[in-house]
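Student: Make a model of this:
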Amino acid sequence: MTLNFKRTLLLLIFILNFAGLFAQNTDSLAVNTDYIRPFSGGAAFRSWSVGIHAGLMSTSVITSTNSQLGFTVANVQYGYGGYIKKQLLPSFGLQADFLMGKLNGDNAQLNPAGVSPYKSFTTTINYAGSLSTNFTLANINWHVVKSTVQPFITAGVGLMNYKPVLTTSAGEVVDFNKNKASLNELYVPIGAGLKFNIAKGINLELAYQVNFVYSGNLDGYRYGNTNDKFSYAHIGLEFAIGKKSKPQLSAHNPVSSMRQEYLSGIQNARDEFKALIDSEKNKNQVLQQQMLAQNTKLTQLTTDSDGDGVPDFYDKCPNTPAGVKVDGAGCPLPFVKTEEKITITEADKIVVNEAIQNLQFASGTSMLSDASYQSLDKLAKLLKDKKYHLKLAGYTDATGSAALNLKLSKDRAEAIKMYLVSKVADPALIQTEGYGKANPIATNKTAAGRKLNRRVEFSLY
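Tutor: Residues are numbered from 1 along each chain as shown. Presented below is the predicted three-dimensional model:
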């Protein structure tokens with residue numbers, strides 16, 4: 001068969017591009033069924049494979065012009081072969097290649113006498129065997145986890161057995177070797193191509209190979225001082241040998257495995273952290289319930305049955321009628337009519353603001369921390385000296401039940417009042433309210449917002 005080699009090469013490139021589009025999996029969420037943990041040993045993979053291929057041979061190569069050839073017309077012939085490969089690393093393997101086929105050309109170059117001595121030649125390659133290295137340049141998997149395309153290059157050295165037959169200008173057929181024996185020559189095959197993973201353990205291979213022969217006898221006509229060479233463009237299939245459950249080492253992408261291991265580690269850490277948070281929340285709820293059940297003394301210190309502002313624990317005059325002003329012991333005060341105008345100074349406001357800023361409670365309780373006392377002492381003295389009225393409004397964030405938050409907000413306001421009263425502030429001038437999670441001043445969706453919502457507002461009047 002005689003075809004224009006460049007047209008044939010363009011056809012092969014078109015097939016290569018079409019196969020590349022077919023091989024791409026655009027599912028960005030594809031699961032890597034061939035996932036192997038990073039740094040796994042070679043036993044986790046299939047490292048042996050065999051391949052078969054067939055294609056087109058020609059003495060014309062992409063790196064040479066016709067002026068360098070013994071014959072100016074290079075016809076295209078068929079060739080075929082196979083190989084067995086051992087993959088040592090994801091990017092490196094050794095393979096034993098076998099190749100057979102024919103080469104054909106017309107119109108020999110002019111000899112020094114200005115004559116074209118031959119009309120054509122035909123060289124039969126009885127066999128060509130070589131040992132080559134195979135370098136996988138990349139495992140391309142643009143938007144998927146599993147590899148789909150591997151560009152590669154090969155280089156090796158081997159022995160070729162061939163027999164050239166010439167046809168003279170007069171039509172006479174002659175053997176280049178008059179003994180009619182085949183020739184044996186060293187040759188160096190260098191190639192490049194792409195492999196497409198069309199199925200698990202099965203690869204479609206498209207490649208182009210240039211074979212450099214250490215002789216000028218390949219076409220039976222020594223022309224010039226250069227050695228002969230020929231090209232072999234082929235398509236083939238590679239089959240991995242071994243258990244089907246194991247992935248093929250040459251198609252393995254270590255970076256993808258490390259990425260998947262990293263993402264799995266992040267997800268596991270998230271799950272563990274969430275489980276830890278849920279566990280701590282449950283522990284906190286149990287502790288809150290235990291504190292509410294056991295701390296009866298705290299309940300006594302905050303209960304005010306007659307609503308006069310003095311807890312029952314300190315109230316020496318229980319059941320005081322509603323609206324009657326009482327002293328620190330809960331007993332009614334003599335009514336004194338006064339129209340004195342109260343003026344709150346900037347210095348007084350500073351004392352109140354300091355008390356608010358330094359106010360701290362133990363988490364989930366109404367127990368004041370030591371950091372609150374010094375500022376509250378100043379506020380108690382201010383209330384005692386100037387007889388100001390003070391309203392304490394307690395608030396919580398949205399965490400927990402409404403009933404629990406309402407009680408906690410009221411208890412915290414009462415705890416502040418109790419402390420101020422213990423410092424000789426007039427309980428009749430201090431009003432407490434608990435509003436729970438009502439009237440938030442910030443969002444409850446963030447920790448910073450919830451912190452702002454857990455507050456007690458001080459109002460002087």
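Student: And what about the residue nearest to Ser305 when sequence neighbours are not counted, helix, strand or coil?
Tutor: Counting by C-beta to C-beta, 6 or more residues apart in numbering, the nearest residue to Ser305 once its immediate chain neighbours are dropped is Asp312, at 5.5 Å. Where you see a C-beta, it was placed from the backbone N, CA and C, and this is true even at glycine. In the three-state summary, Asp312 is assigned as coil, counting by DSSP: H, G, I helix; E, B strand; the rest coil.
Student: Contact partners for Asp312?
Tutor: Gln300, Thr303, Asp304, Ser305, Pro318 (C-beta atoms under 8 Å, 6 or more residues apart in numbering).
Student: Quick check: phi and psi at the residue nearest to the second one when sequence neighbours are not counted.
Tutor: In this case it means Thr303. In space, and not counting its chain neighbours, Thr303 is closest to Asp312: 5.2 Å by C-beta to C-beta, 6+ apart. Dihedral pair for Asp312: phi -50, psi -30, per degrees, to the nearest 10.
Student: Could you check how far Asp312 is from Leu429?
Tutor: With distances taken as C-beta to C-beta, to the nearest Å, Asp312 is found 19 Å from Leu429.
Student: Next: Ser215.
Tutor: 116 Å.
Student: could you pull out the strands for the stretch 101-250 of the chain?
Tutor: When assigned using DSSP state E, counting those that start in this stretch, the strands of the stretch 101-250 of the chain occupy the ranges 118-136, 149-168, 173-175, 183-199, 202-213, 229-241.
Student: Relative to Asn358, tell me which of those strands wins on proximity.
Tutor: Nearest to Asn358, of all those, is strand 149-168, at 66.9 Å by C-beta to C-beta.
Student: what's the angle between that closest one and strand 202-213?
Tutor: 40 degrees (axes from the mean of the first three to the mean of the last three C-alpha atoms, to 10 degrees).
Student: Strand 149-168 - contacts with which helices or strands?
Tutor: strand 92-108, strand 118-136, strand 173-175, strand 183-199, strand 202-213 (3 or more C-beta pairs under 8 Å, 6 or more residues apart in numbering; DSSP states H and E).
Student: partner strands of the fourth one, parallel or antiparallel?
Tutor: Strand pairing for strand 183-199, determined by DSSP bridges: strand 149-168 (antiparallel), strand 202-213 (antiparallel).
Student: In that strand, which residues are buried?
Tutor: The neighbour-count check on strand 183-199 (16 or more other C-beta atoms under 10 Å) flags Leu183, Glu185, Tyr187, Val188, Pro189, Gly191, Gly193, Leu194, Lys195, Phe196, Asn197 as buried.
Student: For the fourth one, give me its contacts.
Tutor: Meaning Val188. Ala155, Gly156, Val157, Gly158, Asn211, Phe212, Tyr214.
Student: Swap in 6 Å and give it another go.
Tutor: Val157, Phe212 (C-beta atoms under 6 Å, 6 or more residues apart in numbering).
Student: ok, now how distant is it from Ala240?
Tutor: 28 Å.
Student: and if you look at the first one?
Tutor: Going from Leu183 to Ala240 by C-beta to C-beta gives 36 Å.
Student: repeat for the fifth one
Tutor: Pro189 is 23 Å from Ala240, where distance means C-beta to C-beta.
Student: want to throw the helices and strands packed on strand 149-168 into CSV with mean pLDDT?
Tutor: As requested, these are exported to CSV (pLDDT from 0 to 100):
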stretch, mean pLDDT
strand 92-108, 94
strand 118-136, 95
strand 173-175, 86
strand 183-199, 94
strand 202-213, 96
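Student: And the ones you listed: which comes nearest Lys229?
Tutor: Closest to Lys229 of those is strand 202-213 (C-beta to C-beta; 4.9 Å).
Student: Now do that closest one and strand 229-241, the angle between them.
Tutor: Going by the same axes, to 10 degrees, strand 202-213 makes 150 degrees with strand 229-241.
Student: In strand 202-213, which residues are buried?
Tutor: Across strand 202-213, burial judged by 16+ other C-beta under 10 Å covers Asn203, Leu204, Glu205, Leu206, Ala207, Tyr208, Gln209, Val210, Asn211, Val213.
Student: The fourth one pairs with what?
Tutor: Counting by DSSP bridges, Leu206 forms beta bridges with Leu194, Ile235.
Student: my guess is it contacts Leu194, does it?
Tutor: Yes. With contacts counted by C-beta atoms under 6 Å, Leu206 reaches Leu194, the gap being 5.3 Å.
Student: just to revisit the earlier point, dump the helices and strands packed on strand 149-168 to TSV, plus distance to Gly449.
Tutor: Compiled in TSV, the helices and strands packed on strand 149-168 are given as follows (distance: least, C-beta to C-beta, whole Å):
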stretch	distance to Gly449
strand 92-108	57
strand 118-136	54
strand 173-175	96
strand 183-199	52
strand 202-213	57
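Student: Thr63 in helix, strand or coil?
Tutor: coil.
Student: Which residues does the residue lying closest to it once chain neighbours are set aside form beta bridges with?
Tutor: Among residues not flanking Thr63 along the chain, Val210 sits closest, at 6.9 Å (C-beta to C-beta, 6+ apart). Per DSSP bridges, the residues bridged to Val210 are Ile190, Ser231.
Student: ok, Ser215 to Thr446 distance?
Tutor: 80 Å.
Student: the strands in the stretch 351-461 of the chain, which residues?
Tutor: Going by DSSP E, counting those that start in this stretch, the stretch 351-461 of the chain shows strands at 390-395, 430-434, 455-460.
Student: Quick check: neighbours of the first one in the sheet, parallel or antiparallel?
Tutor: What it means is strand 390-395. With DSSP bridges as the test, strand 390-395 is paired with strand 430-434 (parallel), strand 455-460 (antiparallel).
Student: Least confident of those strands, on average?
Tutor: Note on those: lowest mean pLDDT is at strand 455-460, with a mean of 88.
Student: Okay, buried residues for that strand please.
Tutor: Across strand 455-460, burial judged by 16+ other C-beta under 10 Å covers Arg455, Val456, Phe458, Leu460.
Student: Could you dump those residues into TSV with distance to Asn268 added?
Tutor: Shown next, in TSV, are the buried residues of strand 455-460 (distance: C-beta to C-beta, whole Å):
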residue	distance to Asn268
Arg455	39
Val456	42
Phe458	48
Leu460	55
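Student: Quick one: residues in contact with stretch 450-461.
Tutor: By C-beta under 6 Å, 6+ apart, the surrounding residues in contact with stretch 450-461 are 344, 352, 356, 388-397, 412-413, 440-442, 444.
Student: Just the buried subset of the residues you listed, written out for PyMOL, thanks.
Tutor: The PyMOL command for the buried members of the contacts of stretch 450-461 (criterion: 16+ other C-beta under 10 Å) is given here:
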select buried, resi 352+388+390+392+393+394+395+396+397+412+413+440
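Student: if we can go back for a sec, so how far is Thr365 from the residue nearest to Thr303?
Tutor: Distance from Asp312 to Thr365, by C-beta to C-beta: 20 Å.
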